[in-house]
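1. Task: produce atomic coordinates for the following.
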Amino acid sequence: MSTGKLSISEIAKQAGTSITTVSRALNHPELVKAETAERINRAMEQLNYKPRFTKKKPTRKLIVINIPEITNPFYSEIIRGIVSSAESHDYYTLIHQDALKDGQSVDNFINLLKAVKACGTILLSPLEKKYYERIGSLIPIVQCCEYNSEEYSYVSIDDFQAAYSVMSHIYSQGCRKIIFINGPLKYKYARERQRGYEAFLEQNELVRSANWTINLPEVNYDTAFACVCQLLTSASRPDAIFTYSDLVAAAALKAAKLHDINVPEDLVIVGFDNINISSICDPAITTVNQPQFQLGYTSGEIIHEHISSPTAYMQKVLLKTELIIRDSSVPSKQNTELAI
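-> Below you'll find the predicted structure:
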């Protein structure tokens with residue numbers, strides 16, 4: 001801007017526009033319509049205001065991707081989908097790892113967003129509703145996989161229906177003592193999958209025992225292995241184990257082999273997510289395939305819409321899943337894929 005004594009208000013008056021618009025034209029010309037910019041430029045010429053307004057080249061913008069834990073392999077394909085969408089719209093991406101479970105972590109996240117001048121964020125961590133409002137007042141938000149607020153766009157799956165369909169498959173194999181190893185109930189996916197599991201038990205009049213549902217604090221192979229070993233040596237051994245993660249299912253498979261239990265003849269095992277480990281285990285693990293890349297890519301497309309147009313409609317997207325039937329639940333010749 002000029003160091004002369006002419007004020008922006010005088011330019012605004014001459015151009016017939018607001019002071020805010022003149023300031024924006026001088027500092028962020030890419031945000032001003034061409035005809036408005038020309039009118040302001042002409043007013044500055046008439047008032048002998050230097051330098052003349054020149055349009056700057058728009059800078060590439062940044063999207064911050066929040067994930068609750070960096071070690072979980074489930075997130076890799078989702079991130080790849082987000083990055084693919086972002087690059088197609090000329091955005092940079094930055095990965096931020098934190099569960100955002102309290103006010104201090106949210107404060108730190110907000111400070112990061114301000115420091116890097118982020119123009120949007122995709123959240124894979126579930127937040128308390130009040131924290132969505134704080135972040136949403138700064139930049140556009142899209143919730144991916146986990147969503148705790150109906151006031152912001154989200155992309156996820158129907159976890160209730162996916163879990164119910166898994167239970168239907170396990171039941172069809174003649175199993176009646178079905179253990180569910182789930183994640184922490186602070187996550188929406190865990191609550192919905194448990195609801196689907198319990199709904200199936202109730203609707204099929206299966207005896208429901210309190211110790212049939214186990215909530216692990218995190219996805220951890222060693223913890224899951226110890227948990228399943230204890231189940232398999234109990235007086236009331238299950239004939240099926242449904243797990244919330246393929247990593248946990250792999251641990252269950254190892255525990256079964258340790259105790260000389262045949263899978264699937266004596267114990268059916270089903271996982272969730274269809275990450276690489278599910279197909280390379282022996283026997284290969286029946287699992288629910290989440291469209292991870294599509295979850296990420298769709299989230300990227302929606303955040304672009306919100307960044308490009310602040311008045312864009314909120315979107316609620318639930319993508320379809322597939323039940324991938326493999327050797328851990330039925331003989332290999334019967335393997336197939338079912339949309340659920």
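
2. Wasn't S149 part of a helix?
-> No - counting by DSSP: H, G, I helix; E, B strand; the rest coil, one finds S149 to be coil, located in no helix.

3. Whichever helix or strand A43 is part of: what's the following helix or strand?
-> Element membership of A43, judged by DSSP states H and E, is helix 34-46. Sequence-wise, the next helix or strand downstream of helix 34-46 (DSSP H and E) is strand 61-67.

4. How far off centre is whatever helix or strand comes next after that following strand?
-> Towards the C-terminus, the helix or strand next in line after strand 61-67, according to DSSP H and E, is helix 75-88. Relative to its chain's centre, helix 75-88 lies at 11 Å (Cα atoms, centre = their mean, to the nearest Å).

5. tell me what whatever helix or strand comes next after helix 75-88 is packed against?
-> Beyond helix 75-88 on the C-terminal side, the first helix or strand identified by DSSP H and E is strand 91-97. Strand 91-97 sits against strand 61-67, helix 75-88, with contacts defined as 3 or more Cβ pairs under 8 Å, 6 or more residues apart in numbering; DSSP states H and E. Any C-beta I mention is one placed from the backbone N, CA and C, and that applies to glycine too.

6. Spit out the contact partners of the spatially most central residue of the chain.
-> Central residue of the chain (Cα atoms, centre = their mean): C144, 2.8 Å from the mean position. Contact analysis of C144 by Cβ atoms under 8 Å, 6 or more residues apart in numbering lists I78, I82, I122, L123, L124, Y154, V155, S156, L295, G296, S299.

7. What residues of stretch 94-106 count as buried?
-> Buried residues in stretch 94-106, counted by 16 or more other Cβ atoms under 10 Å: H96, D98, A99, L100, V106.

8. any idea how far M314 is from the closest residue to the residue nearest to the centre of the chain other than its chain neighbours?
-> Among residues not flanking C144 along the chain, S299 sits closest, at 4.3 Å (Cβ to Cβ, 6 or more residues apart in numbering). For S299, the distance to M314 (Cβ to Cβ, to the nearest Å) stands at 13 Å.

9. just K13 next, same as before
-> Note on K13: its distance to M314, by Cβ to Cβ, is 39 Å.

10. Ok, Y187 next?
-> Separation of Y187 from M314 (Cβ to Cβ): 22 Å.

11. Walk me through the domains of this structure.
-> Listed by automatic domain parsing, the domain ranges of the chain are 8-41, 61-157+292-320, 159-290+323-339.

12. got a markdown table for those, with mean pLDDT too?
-> Below are these laid out as a markdown table (pLDDT from 0 to 100):
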| stretch | mean pLDDT |
| --- | --- |
| domain 8-41 | 80 |
| domain 61-157+292-320 | 94 |
| domain 159-290+323-339 | 92 |
